[in-house]
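Asker: 3D, please:
(one chain, ligands or ions: 1)
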Amino acid sequence: MISKKYITEHKNKEIYLYHFKNESGSEMKVTNYGAIITSIKMPDRDGFFDEVSLGYEDVSSYIKDNPFYFGCIIGRYANRIKNGRFTLNNINYQLTTNEGKNQLHGGHIGFHQRTWEGRVEEDVLILSYLSPDGEELYPGTVQIEVKYQLTNENEIIISYEGVSDKDTIINLTNHSYFNLNGSKSAIFDHELFIDADYFTPTDEELIPTGELRHVEGTAFDFRESRKIGERIFDFEDEAISIGNGYDHNYVLNGSGLRKVAEVNEQTTGRCMEVFTNQPGMQFFTAHIIHPNTIGSNNNIYEPYYGICLEPQVHPDSPNKDHFPNCVLRRGETYHNETIYKFSAK
Ligand code: GAL
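Answerer: Predicted structure coming up:
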């Protein structure tokens, strides 16, 4: 069931909060400002419901500032594009730059700061946004649709579609930070599995160098589930030191919609599985969260209080021929599907 509550007006547009509740009693809240998931409540092994995603109590806090990108949809291109530049159909494009000389998460005003149109169809919330030609200097007007669903099996299904009137590039993701321990402690004891043999090391500016590095024998090997904290501060590994922990894109094994990751938290028994049709996934351990950040439910966040698992196309793909395709041709449909499935053991 989805109920809708009016919150406020922002730049002449109405902002709502959509409250999902399924038959198991699990809940999710989403606002059409930035298409942000503001809350996810899931049971532990004793049936106790608690907050498993980081966020703020009020929608107005997100409108004021959401410096860590809690819960939002990122676009038009999630992650980084070197120098904000790329070439398509022999045309050189210079995008806006918002992280030094590079572009991060769509530029100055990304999709996470836009107000989306919302409509509810049965148990699905459909959020749409028309990104005009030239927005953040991207080519093409792109019609985006993001669908959010919370199933009775405690799956959050996010499906994305986009159609452009000109050839362009696209890479959408959701930037939720998860913490299966009720968002009350750092994520070092969370156990993680990632089905990936390779990751994409970066330079100091977090732009992939182009190398696909095998995870074997490195702190990046999560092919067998193990605690995130085990090697997160192995700073003699240059990649760990650049990312202040983990802030890296994994080259996911397989293709099509498949299971790519699983997170387990032993004290609560909560488990989260990730399924996606995307070729890559950014694994980020949130060192940037400011100490003493006041989050929802009066939780106080510190650095390393959440993990992001952001299915996507590899960062800087527009400039790397051997990286997956991120070009959306005129008239074609971009389709991305990601599922976060919760359970308790
Ligand atoms: C992540 C990115 C990090 C950081 C963060 C923003 O997706 O990998 O480097 O920019 O977003 O909070």
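Asker: please tell me how far residue 169 sits from residue 325.
Answerer: Computed as CB to CB, to the nearest Å, the residue 169 to residue 325 distance reads 9 Å. C-beta here means a position set from N, CA and C on the backbone, and glycine is covered the same way.
Asker: can you check which residues contact both of the two?
Answerer: By CB atoms under 8 Å, 6 or more residues apart in numbering, residue 169 and residue 325 have these common neighbours: residue 317.
Asker: between those two, who's got more neighbours?
Answerer: The neighbour count for residue 169 versus residue 325, taken as other CB atoms under 10 Å, is higher for residue 169 (22 against 12).
Asker: you'd agree residue 222 is in a helix?
Answerer: No. Read with DSSP: H, G, I helix; E, B strand; the rest coil, residue 222 is coil and lies in no helix.
Asker: got a list of what it touches?
Answerer: Counting by CB under 8 Å, 6+ apart, residue 222 makes contact with 192, 193, 194, 196, 215, 261.
Asker: got the residues you listed as CSV, with neighbour count columns?
Answerer: Formatted as CSV, the contacts of residue 222 follow (neighbours: other CB atoms under 10 Å):
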residue, neighbour count
192, 21
193, 18
194, 24
196, 22
215, 17
261, 24
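Asker: burial of the residue lying closest to residue 50 once chain neighbours are set aside, as a residue count?
Answerer: Spatially, and ignoring its direct neighbours in sequence, residue 50 is nearest to residue 182 (3.7 Å; CB to CB, 6 or more residues apart in numbering). If you count neighbours by other CB under 10 Å, residue 182 ends up with 20.
Asker: wait, residue 182 touches residue 51, no?
Answerer: Yes. Contact status for residue 182 versus residue 51: in contact at 5.9 Å, counting by CB atoms under 8 Å.
Asker: what touches both of those two?
Answerer: Between them, residue 182 and residue 51 share these contacting residues under CB under 8 Å, 6+ apart: residue 299.
Asker: out of the contacts of residue 222, who's near the ligand?
Answerer: Filtering the contacts of residue 222 for proximity to the ligand by CB under 6 Å from any ligand atom leaves nothing.
Asker: just give the closest residue to the residue in the stretch 101-250 of the chain that the ligand sits nearest to, not the sequence neighbours.
Answerer: The ligand sits closest to residue 247 of the stretch 101-250 of the chain, with a gap of 4.7 Å, by CB to the nearest ligand atom. Excluding the flanking residues, the one nearest residue 247 by CB to CB, 6+ apart is residue 284, at 4.9 Å.
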